[in-house]
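Colleague: only geometry, no sequence info:
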């Protein structure tokens with residue numbers, strides 16, 4: 001597995017991160033930039049909220065000095081009260097504006113990033129899904145995006161507001177009294193140093209926690225998808241133990257982040273207490289000596305709290321920041337994933353409207369580049385020819401289909417469609433002209449009608465019904481509650497395998513593809529149901545190219561040529577009769593696997 005694929009596997013735990021924060025922040029800003037209008041409104045509102053918050057201790061000082069004066073200066077409250085009310089009103093209004101605007105920008109930013117990640121998931125090669133862990137891929141646009149969302153909603157606001165508050169508080173206290181201000185800030189460098197030191201460990205801890213969580217998501221997805229197998233083999237206890245082990249690892253990883261983040265506040269508060277003690281000691285002496293008023297000392301205590309409280313909040317926000325940076329690294333891993341099967345360059349990209357012929361020329365391919373799955377594969381398909389591909393499991397039959405549909409590209413050789421190298425044809429244009437029916441066809445959690453017209457959304461209800469009738473699906477569909485409006489559950493759990501295949505056939509017929517590919521498409525259908533759709537298959541195959549991978553004689557007999565694959569190579573080719581005369585692999589294959597089917601077919605005809 002390559003490093004890229006390892007991004008979405010357990011190997012990601014050991015990967016080292018080298019991307020500087022400034023690069024990650026710069027990329028994040030690219031997603032925030034379209035919503036700068038919200039920032040233009042929100043950030044000034046933050047500054048106003050911070051500034052009005054800083055005015056409060058000063059107004060308290062003025063009021064205390066007025067009350068402690070001899071005689072008491074009552075007249076000052078004629079202007080003090082309305083100013084105090086206006087300041088408080090400005091603070092809460094600006095708080096509302098900044099929270100609303102910044103959070104809107106944050107939500108929209110995450111929406112954009114999730115959209116891009118899902119677009120990338122649609123574009124990247126199937127190799128990532130077959131060799132990576134689905135849960136680790138899913139974790140990026142879900143769990144990781146949530147961490148960034150929390151930071152943008154709260155952490156970013158805290159950082160901006162509290163930075164303004166700290167700078168403003170420091171400016172005011174130095175304006176009021178330099179000597180007392182120096183005493184206030186003497187302990188500040190210690191808090192900053194501890195913040196920086198703990199932050200180094202916090203990033204690593206959050207990265208491990210998110211990686212562990214993605215592994216847990218993968219384990220959960222795997223267990224749910226394989227629940228039928230788990231129950232069939234009575235492996236519930238073992239599966240539960242495996243999950244508990246993964247869950248315990250995730251909890252321990254998060255406890256480690258908590259251990260670090262929980263250290264911030266006590267340490268900073270202890271430093272603040274030392275600073276407050278120094279301030280009270282020297283401030284009291286200055287009051288006694290008449291150097292400052294009691295009101296100023298109380299204002300200094302408030303201002304000290306005004307920059308230590310934001311500093312404590314900044315430490316919490318810094319923890320959120322480290323979590324967000326770790327999450328962004330993983331999200332950008334997905335966004336930056338290379339597309340293995342690429343669209344052709346614009347200057348040579350070809351748009352096709354049909355498929356007239358297909359040629360494989362000396363095609364070599366392996367999912368692992370060092371281990372070929374197929375070698376030196378050659379065949380031609382043109383007009384309305386039907387080609388059957390047979391062979392033992394693992395011979396490379398489905399691999400040929402994957403290459404033709406450009407889910408992968410060959411390592412060597414060429415695949416030619418309509419005279420063009422398939423790598424020069426636009427991928428969407430190629431796939432629109434073919435339809436693939438798999439052994440385990442996937443249906444979506446939507447109505448039967450919408451599943452049938454999934455590849456052709458504009459199809460009318462009459463066209464949907466006609467396609468279903470042609471393949472023999474109409475009768476059982478009408479027996480379902482709601483008929484064509486019956487909603488298929490996730491994993492098609494509320495219909496049989498045979499019914500699922502019939503709906504897939506109807507979906508394919510409705511698309512009217514020029515090239516039809518059946519990959520073991522009738523192997524999940526019982527003999528009776530297969531007899532029902534044989535005529536439909538004949539209609540489906542009329543006037544179109546077809547490649548059929550099958551084990552059943554009734555399906556293979558519909559083909560003009562049979563290709564026999566063994567160990568990745570074509571070892572025989574010809575018609576059924578020709579291959580039977582040769583007495584080779586196909587003949588043996590027929591005798592072992594088709595004799596029983598032939599007996600069932602003859603018995604059915606006799607009845």
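Modeller: Great, that's in hand. The model shown is predicted, which means the values in this text are computed figures rather than measured ones. Residues are numbered from 1 along each chain as shown.
Colleague: Which parts of the chain belong to which domain?
Modeller: The record assigns the chain these domain ranges, following automatic domain parsing: 3-335, 345-433+515-528+545-607, 439-512.
Colleague: Which among those domains is found nearest to residue 537?
Modeller: Counting by Cβ to Cβ, residue 537 lies closest to domain 345-433+515-528+545-607 out of these; the figure is 6.6 Å. For every residue, glycine as well, the C-beta is placed using N, CA and C.
Colleague: tell me the helices in the stretch 151-300 of the chain, going along the chain?
Modeller: For the stretch 151-300 of the chain, the helices defined by DSSP state H, counting those that start in this stretch cover 156-176, 178-185, 188-225, 227-232, 236-288, 294-335.
Colleague: okay, these, which one's buried deepest?
Modeller: Counting by mean count of other Cβ atoms under 10 Å, helix 294-335 has the highest mean neighbour count of the helices of the stretch 151-300 of the chain, with a mean of 22.
Colleague: how about the helix or strand just after that one: buried residues?
Modeller: With elements assigned by DSSP states H and E, the helix or strand that comes after helix 294-335 is strand 357-365. Within strand 357-365, the residues that count as buried by 16 or more other Cβ atoms under 10 Å are 358-360, 363, 365.
Colleague: which one of these sits closest to residue 252?
Modeller: The nearest member of these to residue 252, counting by Cβ to Cβ, is residue 365 at 42.7 Å.
Colleague: and the closest one, bridged to which residues?
Modeller: When assigned by DSSP bridges, residue 365 has beta-bridge partners residue 374.
Colleague: residues touching it, list them.
Modeller: Taking Cβ atoms under 8 Å, 6 or more residues apart in numbering as the criterion, residue 365 is in contact with 372-374, 399, 403, 408, 410-411.
Colleague: Which pLDDT value belongs to residue 2?
Modeller: Note on residue 2: pLDDT of 40.
Colleague: no no, residue 89
Modeller: Looking at residue 89, its pLDDT is 90.
Colleague: element containing it, please.
Modeller: Per DSSP H and E: residue 89 is located in helix 77-123.
Colleague: what separates that helix from the chain centre, distance-wise?
Modeller: 27 Å (Cα atoms, centre = their mean, to the nearest Å).
Colleague: shouldn't residue 471 be in contact with residue 507?
Modeller: No - Residue 471 is beyond contact range of residue 507, at 9.4 Å (criterion: Cβ atoms under 8 Å).
Colleague: show me the contacts for the residue positioned nearest the centre of the chain.
Modeller: When Cα atoms, centre = their mean is applied to the chain, the residue found nearest the centroid is residue 141 (3.6 Å). Listed by Cβ under 8 Å, 6+ apart, the contact set of residue 141 reads 113-114, 117-118, 121, 331, 334.
Colleague: Tell me where the model's unsure across the stretch 51-200 of the chain.
Modeller: For the stretch 51-200 of the chain, the stretches with pLDDT under 70 are 69-70, 73, 130-133, 199.
Colleague: for the stretch 301-450 of the chain, that is, sorry about that
Modeller: Scanning the stretch 301-450 of the chain for pLDDT under 70 picks out the ranges 306, 439-440.
Colleague: Please work out how many residues are found near residue 406.
Modeller: Residue 406: 20 surrounding residues under other Cβ atoms under 10 Å.
Colleague: Next, it: secondary structure please.
Modeller: coil (DSSP: H, G, I helix; E, B strand; the rest coil).
Colleague: wait, doesn't it sit right on residue 430?
Modeller: Yes - using Cβ under 8 Å, residue 406 is in contact with residue 430, at 6.2 Å.
Colleague: any shared contact partners between those two?
Modeller: Shared contacts of residue 406 and residue 430, defined by Cβ under 8 Å, 6+ apart, comprise residue 422.
Colleague: residues in contact with residue 124?
Modeller: By Cβ under 8 Å, 6+ apart, the residues touching residue 124 are 337-340.
Colleague: Quick check on residue 343: phi, psi?
Modeller: Note on residue 343: its backbone torsions stand at phi -60, psi 150 [degrees, to the nearest 10].
Colleague: leaving aside the residues next to it on the chain, what's closest to it?
Modeller: Once flanking residues are discounted, residue 343 sits nearest to residue 427: 6.0 Å by Cβ to Cβ, 6 or more residues apart in numbering.
Colleague: does that neighbour really touch residue 350, like I thought?
Modeller: No - using Cβ under 8 Å as the test, residue 427 is too far from residue 350 to be in contact (11.0 Å).
Colleague: Please name every helix or strand in contact with the helix or strand containing residue 501.
Modeller: Taking DSSP H and E as the criterion, residue 501 maps to helix 497-511. Counting contacts by 3 or more Cβ pairs under 8 Å, 6 or more residues apart in numbering; DSSP states H and E, helix 497-511 is packed against strand 434-437, helix 448-452, helix 461-470, helix 474-479, helix 527-541.
Colleague: repeat that for 6 Å
Modeller: Contact here means 3 or more Cβ pairs under 6 Å, 6 or more residues apart in numbering; DSSP states H and E; on that basis helix 497-511 packs against strand 434-437, helix 448-452, helix 461-470.
Colleague: which residues sit against the first one?
Modeller: This means strand 434-437. With Cβ atoms under 6 Å, 6 or more residues apart in numbering as the test, strand 434-437 has contacts from 504, 508, 511, 513, 515-518, 521.
Colleague: one step back: of all the helices and strands packed on helix 497-511, which lies closest to residue 168?
Modeller: Residue 168 lies closest to helix 448-452 among the helices and strands packed on helix 497-511, at 58.5 Å (Cβ to Cβ).
Colleague: starting at the chain centroid, how far to the closest one?
Modeller: What separates the centre of helix 448-452 from the centre of its chain is 26 Å, taken as Cα atoms, centre = their mean.
Colleague: helices or strands next to it in the packing?
Modeller: Where contact means 3+ Cβ pairs under 6 Å, 6+ apart, helix 448-452 is packed against helix 497-511.
Colleague: quick one: buried residues of the helix it packs on?
Modeller: Residues 497-511 are the ones in helix 497-511 that count as buried (16+ other Cβ under 10 Å).
Colleague: Stretch 404-413 too?
Modeller: Within stretch 404-413, the residues scored as buried using 16+ other Cβ under 10 Å are 404-408, 410, 413.
Colleague: With stretch 449-457 instead?
Modeller: By neighbour count on 16+ other Cβ under 10 Å, the buried set for stretch 449-457 is 449-455.
Colleague: re the thing from before, can you give me the neighbour number for the residue nearest to residue 343?
Modeller: Residues lying near residue 427 (other Cβ under 10 Å) number 18.
Colleague: and if you look at residue 95?
Modeller: By other Cβ under 10 Å, the residues close to residue 95 number 19.
Colleague: Quick one: distance of the helix or strand harbouring residue 135 to the chain centre.
Modeller: Assigned by DSSP H and E, residue 135 belongs to helix 134-139. Here helix 134-139 shows a centroid-to-chain-centroid distance of 6 Å under the convention Cα atoms, centre = their mean.
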